[in-house]
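Engineer: return a 3D structure for these sequence lines:
(4 chains)
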There are 4 protein chains.
Amino acid sequence: MKRIAVFTSGGDAPGMNACIRAVVRSAHYFGLEVYGILKGYDGMIHGNLIEMDDRSVSNIIQRGGTILKSARSEEFRTMEGRKKAYENIKKFGIDGLVGIGGNGTFTGAEVFYNEFQIPCVGAPGTIDNDLYGTDFTIGYDTAVNTALSAIDRIRDTADAHERIFFIEVMGRDTGYIAVRSAIAGGAEMSVMPESKNSIKEVIQKLKHGTSQSKSSHIIIVAEGHEVGRAQSIADKVKKELPELDAKVTTLGHVQRGGAPTAADRVLASRLGLGAVEGLIKGKTNVMAGVINRTLCYTPFKDTITKKKPINKELIRIVEILNGRKYHNIEREIL
Amino acid sequence: MKRIAVFTSGGDAPGMNACIRAVVRSAHYFGLEVYGILKGYDGMIHGNLIEMDDRSVSNIIQRGGTILKSARSEEFRTMEGRKKAYENIKKFGIDGLVGIGGNGTFTGAEVFYNEFQIPCVGAPGTIDNDLYGTDFTIGYDTAVNTALSAIDRIRDTADAHERIFFIEVMGRDTGYIAVRSAIAGGAEMSVMPESKNSIKEVIQKLKHGTSQSKSSHIIIVAEGHEVGRAQSIADKVKKELPELDAKVTTLGHVQRGGAPTAADRVLASRLGLGAVEGLIKGKTNVMAGVINRTLCYTPFKDTITKKKPINKELIRIVEILNGRKYHNIEREIL
Amino acid sequence: MKRIAVFTSGGDAPGMNACIRAVVRSAHYFGLEVYGILKGYDGMIHGNLIEMDDRSVSNIIQRGGTILKSARSEEFRTMEGRKKAYENIKKFGIDGLVGIGGNGTFTGAEVFYNEFQIPCVGAPGTIDNDLYGTDFTIGYDTAVNTALSAIDRIRDTADAHERIFFIEVMGRDTGYIAVRSAIAGGAEMSVMPESKNSIKEVIQKLKHGTSQSKSSHIIIVAEGHEVGRAQSIADKVKKELPELDAKVTTLGHVQRGGAPTAADRVLASRLGLGAVEGLIKGKTNVMAGVINRTLCYTPFKDTITKKKPINKELIRIVEILNGRKYHNIEREIL
Amino acid sequence: MKRIAVFTSGGDAPGMNACIRAVVRSAHYFGLEVYGILKGYDGMIHGNLIEMDDRSVSNIIQRGGTILKSARSEEFRTMEGRKKAYENIKKFGIDGLVGIGGNGTFTGAEVFYNEFQIPCVGAPGTIDNDLYGTDFTIGYDTAVNTALSAIDRIRDTADAHERIFFIEVMGRDTGYIAVRSAIAGGAEMSVMPESKNSIKEVIQKLKHGTSQSKSSHIIIVAEGHEVGRAQSIADKVKKELPELDAKVTTLGHVQRGGAPTAADRVLASRLGLGAVEGLIKGKTNVMAGVINRTLCYTPFKDTITKKKPINKELIRIVEILNGRKYHNIEREIL
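Structural biologist: Residues are numbered from 1 along each chain as shown, chains lettered A, B, ... in the order given. Take a look at the predicted model:
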């Protein structure tokens, strides 16, 4: 292996730049040359590659986003597109790839390897933390802290006015961001796929909680819950409990940006180094991850097909520590 | 004057606690007793007053929200309600009031004075900065910085993906928060009442800007612009320019909370002291403000009826420094 | 078990309040009464206990410091002092204790148990992360992020001026804070006990690094390194390399405060609940910890005597990713 | 005027990049070409200039430091050095200069103009706020907020332990940063040149304050006070009052970095535009400033020689609102 290339793909996440930096610096440390591919698979197809020296990644460890940019590529889903990509990879003399992203990224890399034998090691870069093969993904800790900062602010005004706030956080079809930001924000309830809350339960709890004493309630809603988005849940609650002063905040893309936290920068640095060392050792079609604080590699086919369950203990903590306004509610529902 | 009371009313704003603290400490410094009225005029009507010593305002200068809570009071709009309020004011031996809030607060205080001669000096507490009689209101600087922090985060992801972001900020029917956060956030456009932008202009600029080069655009939308909310503007843009990847973020109540900035704490401290000194000097129905860095008092009737125009220079700065993607567009429109 | 008491002792750490809250809420959830002991063992001796209801811990999850205050108690080191403490514990009817702190706290609790059989479960509250029996201590993640924020700021000015900055961070006799903030801050070097750096090595590296190209260097110094404090190292460097523009920043107690991060709040919540459940299950003289994301209990005698080694992989990351200015230096030293 | 150059000089300040960006974008808006001079006068002497297009200042508005770097130049103090600088200015065809910095910068520019007639308009970039001709300097608001954030953190731990903290802030020979951060941080005392505090007064106040009740005290010390630095004041206090637990924090260069606040970015944008418009209008040897929210130009000879007094009202606010522990102390001293 003499020359590798690194790219980011899919939704961007804070810490991707720290990971790019780690890939570039590690590669140089081990005597490899590094290219950066702009806009993920799209840049591979269009030959959008630039050589990266150590200076090109100076002063980016603290920046959100990705200096290599990210984009979706419909063309890479076609054989024709991938062939163009391969030709560019050959033209630039690339022997191995590091792909930072999620399952979409890894699926593409696996198909590409099967067709053209360009080895790829992945690094998990997504705020959603929904990847099997690593305890945490790059960007997750930052996203949780960003959501938490918003919850802290909203708590100020909720307390001043005795209001109900529904705050929608990201997480695709998981409640990872929801559950940690709910615990840390002291939110009374976390409505998310894994806890299978129904609208009826939300209404019942609020009815009980507000009847006990006037007070504020903060309810975190994971975007992917099948009962609906925060706005729709709030609409249903208001219909049943019209006397409540309910507000909705959808944090949206604010959660994707910002300077990464220390944990995300350390994780990104470790995985960037791990990905390069993986390539050097001849690995391919695996994702570098950290499980129980130990670096490990998991086949793409497992990261793509297996589901990482949420720690049930966390769901329990929300109920015991934050849900006190709703304690004893089960008896009432019966 | 021997005993005064302080209350917060209307929407809460960061720095209200710093102002309450200043009122309490100043009053004690000058030998006055102080009561806090809970939930604004509602607490006045229901006799919800507590005595405040210096300790009761310890360690609150840095907190968002208001320890005295805030609430709307329909009852205070009735003569009957105000009479109850007056009886409580008498019962507690209150000689003067400091009301922290906006024009709703001051209107109530003026009516109350005309009927019952309880003097009141106001302090401008609102994130919207829409009060005549002071250069800045308590909470405005914090709200702008909160909006800015969200814009900075979104810029990261916008740059990574070449997207158009519409970010809606608060400000009632003014563009104060919009214009400063647009300048500071480097937003390409600020859609707000004072600049009278039309949907046609927004679409024309985006069409021009994106045709010149692929890139990200951040557009700040003031909630009170008559062309519609951010979501509705984005919908119209997407209809005309369906190829653009447009996202909407509505910051909402996040802007009301958080630890106040240094500027807001200094302003709140100064105005709290100024309000107490105003009462001692026999002033009533005036709002303490700071104009050109000098403390001054403006009659409620002026703060309520007069409009504080936005500095046109600020609007020009957005166009010159941030709007470069749209330069020369006028010629095209013609 | 019917009534427990909670106290904080030793140096305060962000997240202690979140842990107190978790203890109180968990205890109530399981039907126990809870008292708070003010100022640790000192309050035990002086009968400084207050009953805590759910409201008494509202809105503290986000606050640094400890609402129960902390203090050293020389008196508790005497049999007489501990006897007074026991009498108060009896008087208040306390059946079990939760002590949040470090090894000093746990040593006291163990002696106290051996003499008076009051069971105690500990929770690790210290920014230094130097406790065996848990991967992370409460406050560590926040302290690292606080140090990191300072490093990020100093990097701005270092880059502008091409200077050498020595930044001293806390950590007692370990480099936990140093190594993570060095990786995350992109610091060129981390001088800390575990890496056994000598002054000679620091000077050699700087000589090499600055001879290659003019640039800034940030060097993190762990307070407990035997080669001396940051100021003394800087003095020695300046003596050897007088042409360098070297500045020193000692972060000090800034690292102990601030709103805890999400990770610290989640950990504190989990350990507070775990401590209460431990007491209920009859455990004593153990510290609740989280190892490999699983709650566990470690005897005080192990937390006190065993050393938790730093992950060598982290030290290697600093060298590979950040130390590029010093690569190849070994050859020069020889 | 066809081509101008911009440079930063002296200590860096947050917002300098926002100002550089404003100069570049404004110049282009008005049809001028712009060069950036690296490292201030040093770069002028060594011909270290680069052309700047709009893209070169993209995404820098939020960054601390200065992309043009800053340096001291002894050589520019010599006629020979300035002659070299002039030759480069001629060679690059520069018709006018914008210098961002403080009085050192402006003194250099004035001498240079008198010798070589290259017009220069200045922009006040310094965290110290000690420039006549503008209410606020670029970087001051950010530095105050950075100091405040540290004070807030230290307050947490001070409260937990009942300690005395001496926190040294920057400000050269003025108390601008000290007084605002003291008000906003609720610091009990602000020791700074303008309030002429003596060591005796500090000791007397602490003696009185701690005798009244056990509690924490935070004392802000301006670096330029003639009574000595924070460490030396603390040493003297400890000698007189050995029972106090006194700690010292010197914030140092942390205050110079960080993302600029909204106020600093708006000010920097306005002054960058104002400087370019000044040059176009034929102004020279003046500093653009904002007084009473209005753009104005002040001759360098005034900014250099005249002193901007601190607002006495601010000093009074610290005493009335924060100094309550020391009230009535005068009587005791007598």
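
Engineer: what is the burial count for residue A:198?
Structural biologist: 11 (other CB atoms under 10 Å in any protein chain shown). (C-beta placed from N, C-alpha, C; glycine too.)

Engineer: quick check: it touching residue A:227?
Structural biologist: Yes - with contact defined as CB atoms under 8 Å, residue A:198 reaches residue A:227; the gap is 6.5 Å.

Engineer: any idea how far residue C:148 is from the residue of the stretch 101-250 of chain A found nearest chain C?
Structural biologist: Of all residues in the stretch 101-250 of chain A, residue A:184 sits closest to chain C, at 3.9 Å by CB to the nearest CB. Distance of residue A:184 to residue C:148, given as CB to CB, to the nearest Å: 19 Å.

Engineer: just the strands in the stretch 51-200 of chain A please.
Structural biologist: For the stretch 51-200 of chain A, the strands defined by DSSP state E, counting those that start in this stretch occupy A:96-101, A:120-124, A:164-169, A:189-191.

Engineer: so which of these is nearest residue D:209?
Structural biologist: Smallest distance to residue D:209 across the strands of the stretch 51-200 of chain A (CB to CB): 41.1 Å, for strand A:164-169.

Engineer: got a list of what residue A:172 touches?
Structural biologist: Residue A:172 makes contacts with A:128, A:130, A:223-224, as judged by CB atoms under 8 Å, 6 or more residues apart in numbering or on different chains.

Engineer: mean neighbour count and mean pLDDT added to the strands of the stretch 51-200 of chain A, as JSON lines?
Structural biologist: Below are the strands of the stretch 51-200 of chain A laid out as JSON lines (neighbours: other CB atoms under 10 Å in any protein chain shown; pLDDT from 0 to 100):
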{"stretch": "strand A:96-101", "mean neighbour count": "28", "mean pLDDT": "98"}
{"stretch": "strand A:120-124", "mean neighbour count": "31", "mean pLDDT": "98"}
{"stretch": "strand A:164-169", "mean neighbour count": "26", "mean pLDDT": "96"}
{"stretch": "strand A:189-191", "mean neighbour count": "27", "mean pLDDT": "96"}
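
Engineer: reformat those as JSON lines; add distance to residue B:11.
Structural biologist: Shown next, in JSON lines, are the strands of the stretch 51-200 of chain A (distance: least, CB to CB, whole Å):
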{"stretch": "strand A:96-101", "distance to residue B:11": "42"}
{"stretch": "strand A:120-124", "distance to residue B:11": "42"}
{"stretch": "strand A:164-169", "distance to residue B:11": "14"}
{"stretch": "strand A:189-191", "distance to residue B:11": "25"}
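
Engineer: export the ones you listed to TSV and tack on distance to chain D?
Structural biologist: What follows is the strands of the stretch 51-200 of chain A, written out as TSV (distance: least, CB to the nearest CB, whole Å):
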stretch	distance to chain D
strand A:96-101	20
strand A:120-124	24
strand A:164-169	24
strand A:189-191	28
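
Engineer: residue A:296: which element?
Structural biologist: Element membership for residue A:296, per DSSP states H and E: strand A:294-299.

Engineer: okay, the residue nearest the centre of chain A and chain B: tell me how far apart.
Structural biologist: Nearest to the geometric centre of chain A sits residue A:127, at 1.8 Å (CA atoms, centre = their mean). For residue A:127, the distance to chain B (CB to the nearest CB, to the nearest Å) stands at 10 Å.

Engineer: list phi and psi for that residue.
Structural biologist: Per-residue torsions, residue A:127: phi -70, psi -10 (degrees, to the nearest 10).
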